[in-house]
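Trainee: no letters, just coordinates:
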């Protein structure tokens, strides 16, 4: 059986959409709605709108919309059932018994990939402690000085050097198909046409999401061969730009911050030393999606990057990304250019205390920048001061906090022995350039949003014919009627004998009305969230927009209102263009004319 309507209704009642989305997006009230910067695409001017009355959302910048379940699906990269489970857990509800939809191809693929990953992780772990994995175990225990407990906590393993050990194990002993393993990026097809393991002769690092699923792997070669690290490519269950290594462990920490490292081993070494709030990136530069994921759990970031030029650039980039999310950022400076793993080994039993001192005295983002600036330029020369001033002005101008800009402009002017006014003049000039650029971006986004509201802008993925009717009047009437019925399903009885799905000229509205009819006749609920699985993603996005915009009008919905919309739809549907009239027989034209005349007469009588 499917999930009961009553259970889904309770899920939505207990998970207010404003409350849930506020955990990801900074929402501000605007009339009857809430608006914020869209979490699904990059923008500076808020075009993401939440409609409390209909418990829906829609972004006028990228065209994404839905309800609290679809929002959770998109934000956490979950399928429908897992998103429902997440919301049920959030609100203290137990999942009812249900039959999984085996026909859901995407869900079945994800389930298979996760199961294959879980079995692969078990295989790698067992292989590490087998005779064949001796070199891998020696690397972890002797070279990296990891304990068995740490190895177990992270599920570390070893991928055998033989070409197809994992592939053979998963196919012959666990019943997976080769195609499933290719999808999971565990297996590749060789030039000779054989299926072989993607990871061979490497120590393995499982990447586990916050729900405990093994979603990917990182593999490190123990020789001088390249590449040094080999990571899972994006799969149906994994996007490297959306995850962190060890977030599943760090989220349990009671610390008010996370320590963000560059590499797996630095992260693991710090964890073993006693830091349970540490995580690492996944082999790519920090992304906007990762910063937003980070912010869901902590608002304070402590960066622990390499001290070389590349590490400093990465740290500065991360600082600006965290600043845009109104987060506090600090940077650890590990002495002598050591990485955290080397530093902990060097100090042995005192490693935790010594590194904790580094965390406690970590520079905030501005102090760190000033430190790198003083290393880069000679303040004793005019040329050095000018270069430093220009670079510092651009950095300070980019900061989101005016208070920070003011305080640190004063401090830097003292360090460089220049007037604060001169520095502020440069900052103001740079800030003006930034504002002009942002205003131009905002105007483009606003224009796009207005076009979307007027149905002039449509996402490239959606067929314009899907959401346009025969005329503007018909389009307005059709959208309004389905919005009325989704808001107050009980009003369906007022129009069921007046209008049918085939009377609608807009394909989406026709499809929605047909679904409303079927559910109403079966005595089932028909709110927006009941229709998630009945429509494509693009259709559901547009349906969310229609419902949300209608709720802003604050109209009093009655049976008479619905009948008026139905009559308008019928009238518009019977209108003919000159081309259509030319193709109609005289008899059909006269019949349509008589029907229209009779309907208008009935309407006048009803008004009197």
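Mentor: Looks like it came in fine. Predicted, not measured: the structure shown is a model, and the values here were computed from it.

Trainee: measure the residue nearest to residue 524 when sequence neighbours are not counted to residue 531 for me?
Mentor: The shortest distance from residue 524 to any non-neighbouring residue, by CB to CB, 6 or more residues apart in numbering, is to residue 5 (5.8 Å). In short, each C-beta sits where N, CA and C put it, glycine included. Relative to residue 531, residue 5 is positioned 12 Å away (CB to CB, to the nearest Å).

Trainee: burial check on residue 207, number of neighbours?
Mentor: 26 (other CB atoms under 10 Å).

Trainee: in the stretch 51-200 of the chain, where is pLDDT below threshold?
Mentor: Applying pLDDT under 70 to the stretch 51-200 of the chain flags residues 98-104.

Trainee: how about the strands in it?
Mentor: Per DSSP state E, counting those that start in this stretch, the stretch 51-200 of the chain carries strands over the ranges 56-59, 65-66, 157-159, 187-189, 195-197.

Trainee: check what pLDDT residue 466 gets.
Mentor: You'll see residue 466 listed with a pLDDT of 45.

Trainee: what sits against the residue positioned nearest the centre of the chain?
Mentor: By CA atoms, centre = their mean, the chain has its centre lying nearest to residue 75, at 3.5 Å. Residue 75 is in contact with 24, 39, counting by CB atoms under 8 Å, 6 or more residues apart in numbering.

Trainee: save the strands of the stretch 51-200 of the chain as TSV, and put in distance to residue 85 and mean neighbour count too.
Mentor: TSV is the format used below for the strands of the stretch 51-200 of the chain (distance: least, CB to CB, whole Å; neighbours: other CB atoms under 10 Å):
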stretch	distance to residue 85	mean neighbour count
strand 56-59	21	28
strand 65-66	17	24
strand 157-159	28	27
strand 187-189	29	17
strand 195-197	32	20
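
Trainee: turn those strands into TSV, including distance to residue 19.
Mentor: Compiled in TSV, these are given as follows (distance: least, CB to CB, whole Å):
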stretch	distance to residue 19
strand 56-59	13
strand 65-66	16
strand 157-159	40
strand 187-189	43
strand 195-197	46
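
Trainee: and of those strands, who's closest to residue 32?
Mentor: Across the strands of the stretch 51-200 of the chain, the minimum distance to residue 32, taken as CB to CB, is reached by strand 56-59, at 12.7 Å.

Trainee: go ahead and name everything in contact with the closest one.
Mentor: Outside strand 56-59, the residues that reach it (CB under 8 Å, 6+ apart) are 17, 21, 38, 40-41, 47-51, 64-67, 71, 528, 541, 544-545, 547-549.

Trainee: quick one: the closest residue to residue 126 other than its chain neighbours from residue 281, how far?
Mentor: Once flanking residues are discounted, residue 126 sits nearest to residue 157: 7.8 Å by CB to CB, 6+ apart. Here residue 157 is placed at a distance of 21 Å from residue 281 (CB to CB).

Trainee: in contact with the spatially closest residue to residue 125 that is not a sequence neighbour, which residues?
Mentor: Of all residues not flanking residue 125 in the chain, residue 157 sits nearest, at 4.4 Å (CB to CB, 6+ apart). Shown in contact with residue 157 (CB under 8 Å, 6+ apart): 121, 123-128, 133, 136, 203-204, 206.

Trainee: switch the cut-off to 10 Å
Mentor: 120-129, 133, 136-137, 140, 151, 199, 202-206, 217, 219 (CB atoms under 10 Å, 6 or more residues apart in numbering).

Trainee: can you mark which positions in stretch 497-513 are buried?
Mentor: The neighbour-count check on stretch 497-513 (16 or more other CB atoms under 10 Å) flags 499, 503-506, 508-513 as buried.

Trainee: right, and the residue nearest to residue 524 touches residue 525 too?
Mentor: Yes - between residue 5 and residue 525 there is a contact at 4.1 Å, judged by CB atoms under 10 Å.

Trainee: residues in contact with both of those two, list them for me.
Mentor: Common neighbours of residue 5 and residue 525 (CB under 10 Å, 6+ apart) are residue 519.

Trainee: for the stretch 351-500 of the chain, which spans come out with low pLDDT?
Mentor: Ranges of the stretch 351-500 of the chain meeting pLDDT under 70: 438, 441-471.

Trainee: next SSE after the helix or strand that contains residue 434?
Mentor: Using DSSP states H and E, residue 434 falls within helix 420-453. Sequence order places helix 472-487 as the next helix or strand after helix 420-453, per DSSP H and E.

Trainee: list the buried residues in that following helix.
Mentor: 474-475, 477-487.

Trainee: swap in stretch 199-212?
Mentor: For stretch 199-212, by 16+ other CB under 10 Å, it's 199-210.

Trainee: do stretch 299-311 as well
Mentor: Quick answer for stretch 299-311 (16+ other CB under 10 Å): 301-307, 311.

Trainee: which one among those residues gets closest to residue 399?
Mentor: residue 301 (15.3 Å).

Trainee: what's the separation between the closest one and residue 261?
Mentor: Separation of residue 301 from residue 261 (CB to CB): 11 Å.

Trainee: please apply the same query to residue 43.
Mentor: For residue 43, the distance to residue 261 - CB to CB - is 30 Å.

Trainee: which of those two has more residues huddled nearby?
Mentor: More neighbours surround residue 261 than the other of residue 43 and residue 261, with 30 against 20 (other CB under 10 Å).

Trainee: which strand residues bridge that one?
Mentor: Taking DSSP bridges as the rule, residue 261 bridges to residue 280, residue 304.

Trainee: do the same with residue 207
Mentor: Beta-bridge pairing for residue 207 (DSSP bridges): residue 216.

Trainee: that one touches residue 243, doesn't it?
Mentor: Yes - using CB under 10 Å, residue 207 makes contact with residue 243 at a distance of 6.5 Å.

Trainee: helix/strand/coil for the residue nearest to residue 324 when sequence neighbours are not counted?
Mentor: Of all residues not flanking residue 324 in the chain, residue 400 sits nearest, at 6.4 Å (CB to CB, 6+ apart). At residue 400 the chain is in coil, as set by DSSP: H, G, I helix; E, B strand; the rest coil.

Trainee: for residue 400, what are its contacts?
Mentor: Contacts of residue 400 by CB under 10 Å, 6+ apart are 320, 323-327.

Trainee: now the residues you listed: which count as buried?
Mentor: Judged by 16+ other CB under 10 Å, buried ones among those: 323, 325, 327.

Trainee: ok, back up a step: higher neighbour count, residue 5 and residue 531?
Mentor: residue 531 (19 against 16).

Trainee: on that earlier part again, export the buried residues of stretch 497-513 as TSV, with columns for secondary structure and distance to residue 358.
Mentor: What follows is the buried residues of stretch 497-513, written out as TSV (DSSP: H, G, I helix; E, B strand; the rest coil; distance: CB to CB, whole Å):
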residue	secondary structure	distance to residue 358
499	coil	71
503	helix	72
504	coil	66
505	coil	68
506	coil	63
508	helix	58
509	helix	62
510	helix	65
511	helix	60
512	helix	59
513	helix	64
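
Trainee: kindly report the domain assignment for this protein.
Mentor: 5-90, 105-238, 247-374, 377-451, 464-575 (automatic domain parsing).

Trainee: kindly reformat the ones you listed as CSV containing distance to residue 96.
Mentor: Below are the domains of the chain laid out as CSV (distance: least, CB to CB, whole Å):
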stretch, distance to residue 96
domain 5-90, 5
domain 105-238, 18
domain 247-374, 27
domain 377-451, 40
domain 464-575, 15
